[in-house]
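Colleague: Structural data only, the sequence is not supplied:
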Ligand code: FES
Ligand SMILES: [Fe+2]
């Protein structure tokens, strides 16, 4: 259980909040590259409670600047795309991609007022389908060499979805290994051959047993959590009746991402990014160690469940997430269909916009959630004291750039010696990879 003050500290993200200051020390997913491809490459972005506009200028470069014109506040999403930036349609002030005003065509001839006018602006970098922004002070940190960044673009598919809740409860479902045995339980197993692009539908690491069966039959995982240089490693052990164990390795990447296995071929690296205190996006990078990702199939599967342009899920609280009591009796644990994203969405949205953590009762399976909250609180404290180097992934640049992986895998083998199982399975997968997938 937490105090209200602690809960506020962790969940409030606007400029000037301590929690928001911590998140601003890291690169944040701001948009999918896809959003800039279809139609006009100018999109509104609301990130950490700030309203911004992301655009690709006529020179092909990206800019991320404040949405409201510094003159009298008109919406620059309607700006004219000219030269190296955007021109406000109201009085023609022109801003380059760094936010600097470079022209005020209605002001008197020779006026140099524009030199002192600057829109808010943040650095952006595009990586394998996601545009990342840095909204903090000073130089942005380098990117770690995570698999999702190290893999070639052909092996990574990026997508996002809107959830109507605070980012932290959205993240916490991803570091809660026990819920998969319940929330995502299927009362009947699908053919794993039909599993492409879906989570928990493949065969459990190197066996013929569908993951769904394993999760259903062994609902009490032993969960171990280790501190790492990127955050936390979660090892979930499901001890089976035949002397073997299932080992599932997942990760928390500080402060707001997870990395988990999706299938024997793919992992998911997923950020839970605050739009504001009460809304967030999940941004996923599906990374294949095998064949190039079938992006059009992956996109088609997900576009059936989402609408554009805001990537809001079609199933949501306004239609009871498609809840069907008959289905809940015979097919799924939730009665909300086969898409496990909807299950997670219901779980985290149904807590309320910001979960009231003063009334929760954490159990043994919540060990990673507790550790992660402690890490967040410690980092917020270090940042307030000005000790940036004490923050995870904000130390020496070379140390950050050396962070790889992280290993995210399912494996099954003899319970005695399980410690060696997952590194072996990971090495074998990397050895067979078509790109240089080292750790
Ligand atoms: S409000 Fe934008 S130029 Fe006047
Ligand atoms: Fe889940």
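Modeller: On my side now, so go ahead. Computed from a predicted structure; not experimentally measured. Ligands and ions are numbered 1, 2, ... in the order given.

Colleague: so what's residue 231 up against?
Modeller: If you count contacts by Cβ atoms under 8 Å, 6 or more residues apart in numbering, residue 231 has them with 251, 252, 253, 254, 255, 372, 375, 392. Quick note: C-beta positions are derived from backbone N, CA and C, even for glycine.

Colleague: which ones are touching the third one?
Modeller: Listed by Cβ under 8 Å, 6+ apart, the contact set of residue 253 reads 146, 230, 231, 259, 269, 406.

Colleague: Please give me every residue in contact with the residue nearest to residue 332 when sequence neighbours are not counted.
Modeller: Nearest residue to residue 332, sequence neighbours excluded (Cβ to Cβ, 6 or more residues apart in numbering): residue 186, at 6.1 Å. The neighbourhood of residue 186, defined by Cβ under 8 Å, 6+ apart, consists of 212, 216, 331, 332, 333, 338.

Colleague: Most neighbours out of the contacts of residue 231, which is it?
Modeller: residue 252 (28 neighbours; other Cβ atoms under 10 Å).

Colleague: rewinding a little: ok, and of the contacts of residue 231, which contact ligand 1?
Modeller: For ligand 1, no contacts are drawn from the contacts of residue 231 by Cβ under 6 Å from any ligand atom.

Colleague: Out of those, which comes closest to residue 100?
Modeller: Distance to residue 100 across the contacts of residue 231 (Cβ to Cβ) is lowest for residue 255, with 30.8 Å.

Colleague: Domain boundaries for this structure, per the record?
Modeller: 41-123, 145-431 (automatic domain parsing).

Colleague: Skipping adjacent residues, who's closest to the residue of the stretch 151-300 of the chain found nearest ligand 1 in space?
Modeller: In the stretch 151-300 of the chain, the residue that lies nearest ligand 1 is residue 276 (23.9 Å; Cβ to the nearest ligand atom). Distances taken as Cβ to Cβ, 6+ apart put residue 49 closest to residue 276, at 4.3 Å, once the chain neighbours are dropped.

Colleague: ok now do the spatially closest residue to residue 104 that is not a sequence neighbour, which residues does it touch?
Modeller: Spatial nearest neighbour of residue 104, chain neighbours left out: residue 114 (4.8 Å); criterion: Cβ to Cβ, 6+ apart. By Cβ under 8 Å, 6+ apart, the contact set of residue 114 is 93, 101, 102, 103, 104, 107.

Colleague: Give me the neighbour count for the fifth one.
Modeller: I take that to be residue 104. Going by other Cβ under 10 Å, the residues that sit close to residue 104 add up to 18.

Colleague: Next, it: phi, psi?
Modeller: Reported as degrees, to the nearest 10, the phi and psi values for residue 104 are phi -130, psi 90.

Colleague: how far is stretch 266-283 from where the chain is centred?
Modeller: Its chain's C-alpha centre and that of stretch 266-283 lie 4 Å apart, by Cα atoms, centre = their mean, to the nearest Å.

Colleague: For residue 245, give the beta-bridge partners.
Modeller: residue 239, residue 413 (DSSP bridges).

Colleague: any idea how far it lies from residue 414?
Modeller: 8 Å (Cβ to Cβ, to the nearest Å).

Colleague: who's more crowded, the two?
Modeller: More crowded of residue 245 and residue 414, by other Cβ under 10 Å: residue 245, with 20 against 12.

Colleague: mind checking which helix or strand of this structure has the lowest mean pLDDT?
Modeller: Ranking every helix and strand in the chain by mean pLDDT, DSSP states H and E puts helix 211-217 at the bottom, with a mean of 89.

Colleague: Can you name the next helix or strand after that one?
Modeller: Proceeding N to C from helix 211-217, the next assigned helix or strand is strand 222-227, under DSSP states H and E.

Colleague: For that following strand, list every residue counted as buried.
Modeller: 223, 225 (16 or more other Cβ atoms under 10 Å).

Colleague: Of all residues in the stretch 251-400 of the chain, which one is closest to ligand 1?
Modeller: residue 309 (23.5 Å).

Colleague: How about residue 283, nearest residue that isn't a chain neighbour?
Modeller: Per Cβ to Cβ, 6+ apart, closest to residue 283 is residue 29, 3.9 Å.

Colleague: Doesn't the one you found lie inside a strand?
Modeller: Yes: assessed by DSSP: H, G, I helix; E, B strand; the rest coil, residue 29 belongs to a strand.

Colleague: what's around it, how many residues?
Modeller: 25.

Colleague: now residue 237
Modeller: Counted with other Cβ under 10 Å, residue 237 comes out at 19.

Colleague: That one should be in a helix, yeah?
Modeller: No: using three-state DSSP, the assignment for residue 237 is strand, not a helix.

Colleague: about what we covered before: check contacts around the residue of the stretch 251-400 of the chain closest to ligand 1.
Modeller: Here residue 309 is in contact with 35, 43 (criterion: Cβ under 8 Å, 6+ apart).

Colleague: hang on, the earlier thing: in JSON lines: the contacts of residue 231, plus secondary structure and pLDDT.
Modeller: Output for the contacts of residue 231, formatted as JSON lines (DSSP: H, G, I helix; E, B strand; the rest coil; pLDDT from 0 to 100):
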{"residue": "251", "secondary structure": "strand", "pLDDT": "98"}
{"residue": "252", "secondary structure": "strand", "pLDDT": "98"}
{"residue": "253", "secondary structure": "strand", "pLDDT": "98"}
{"residue": "254", "secondary structure": "coil", "pLDDT": "98"}
{"residue": "255", "secondary structure": "coil", "pLDDT": "98"}
{"residue": "372", "secondary structure": "helix", "pLDDT": "98"}
{"residue": "375", "secondary structure": "helix", "pLDDT": "98"}
{"residue": "392", "secondary structure": "coil", "pLDDT": "96"}
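
Colleague: what sits opposite the residue positioned nearest the centre of the chain in the beta ladder?
Modeller: For the chain, the residue nearest the mean C-alpha position is residue 271 (1.3 Å; Cα atoms, centre = their mean). Per DSSP bridges, the residues bridged to residue 271 are residue 257, residue 283.

Colleague: That one touches residue 30, doesn't it?
Modeller: No: if you go by Cβ atoms under 8 Å, residue 271 and residue 30 don't touch, sitting 10.5 Å apart.

Colleague: In a helix, residue 149, correct?
Modeller: Yes: counting by three-state DSSP, residue 149 is found in a helix.

Colleague: ok, now which ones touch it?
Modeller: By Cβ under 8 Å, 6+ apart, the neighbours of residue 149 are 127, 128, 143.

Colleague: Point out the residues in the stretch 51-200 of the chain that sit beside ligand 1.
Modeller: 69, 71, 72, 74, 88, 90, 91, 93.

Colleague: Could you give me the ChimeraX selection string for whichever of those residues are buried?
Modeller: Command for ChimeraX, covering only those of these found buried under the criterion 16+ other Cβ under 10 Å:
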select :69,71,74,88,90,93
